[in-house]
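# here's a sequence, model it:
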Amino acid sequence: MCDPLVVRRFVDGDSVEELTDLLHRAYSDHAAAGRVFFASYQSVEDTASRLGRGECWLALRGSELAGTVTLAAPYEAPDGYPAPAGAGSFWQLAVDPACRGVGLGQRLLTLAEQRIAALGVTEVVIDTSAEAVELVGWYRRQGYVPTGTWRWEVTNYGSVVLLKVLSVS
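Have a look, this model is predicted:
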């Protein structure tokens, strides 16, 4: 069971090593299924670089990391990436396997979308392994629609790119 959680921004003094360990645990099931997500093996330096490109949020149960997401609005997509100009994005959405099934992934997704909207962006673009049909299905149930494909050099699969238009309140 996952104890009550506190969600807050990553701050100086937080451990990039612990964040990297969380990412490795959270993405290990994908790696075991043959989908080598970058987060399943990235180095501490890679984690620091990736969280430095946006706002990193942590979900904590006590002093233990239970989840994370990093977001940016707008997102600086690589040339040719099938995303609208100025769209926001998030990455490294991860939940510790011990905390799955309690809505934490949904909570972090909602946080990312709310922060992107608060930063003045109305479209969110993400990508994930096209082979991760359960994950693609989850995003589709959250309102994301396929908009193209992409191939990252750091993974062993083709990605489906998904887009969501955020509702303006």
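# so when I look at residue 7, I'm seeing a helix, right?
No: checked against DSSP: H, G, I helix; E, B strand; the rest coil, residue 7 lies outside a helix; its state is strand.
# so what's it up against?
When contacts are counted by C-beta atoms under 8 Å, 6 or more residues apart in numbering, residue 7 is found next to 57-60, 107-108, 111. (C-beta placed from N, C-alpha, C; glycine too.)
# so residue 8 versus residue 153, what's the distance?
The spacing between residue 8 and residue 153, counted by C-beta to C-beta, to the nearest Å, is 33 Å.
# so which of the two has more stuff around it?
Remark: of residue 8 and residue 153, residue 8 carries more neighbours, 10 against 5, as counted by other C-beta atoms under 10 Å.
# the more buried one reaches residue 58, doesn't it?
Yes: under the criterion of C-beta atoms under 8 Å, residue 8 makes contact with residue 58 at 6.1 Å.
# quick one: low-confidence residue ranges for the protein.
Counting by pLDDT under 70, the chain has low-confidence residues at 1-3, 168-169.
# give the pairing partners of the lengthiest strand in it; include direction for each.
Taking DSSP state E as the criterion, the chain has its longest strand at strand 64-72. Looking at strand 64-72 with DSSP bridges, its paired strands and their directions are strand 55-61 (antiparallel), strand 89-95 (antiparallel).
# ranking these by burial, who's on top?
Mean neighbours per residue, mean count of other C-beta atoms under 10 Å, is largest over the strands paired with strand 64-72 for strand 89-95, with a mean of 24.
# next structured bit after that one?
Counting by DSSP states H and E, the element after strand 89-95 in chain order, helix or strand, is helix 104-118.
# so how far does stretch 116-133 reach from one end to the other?
When the termini of stretch 116-133 are compared using C-alpha to C-alpha, to the nearest Å, they are 25 Å apart.
# could we number from 3 for the rest of this?
Sure, I'll start numbering at 3, so the last one becomes stretch 118-135.
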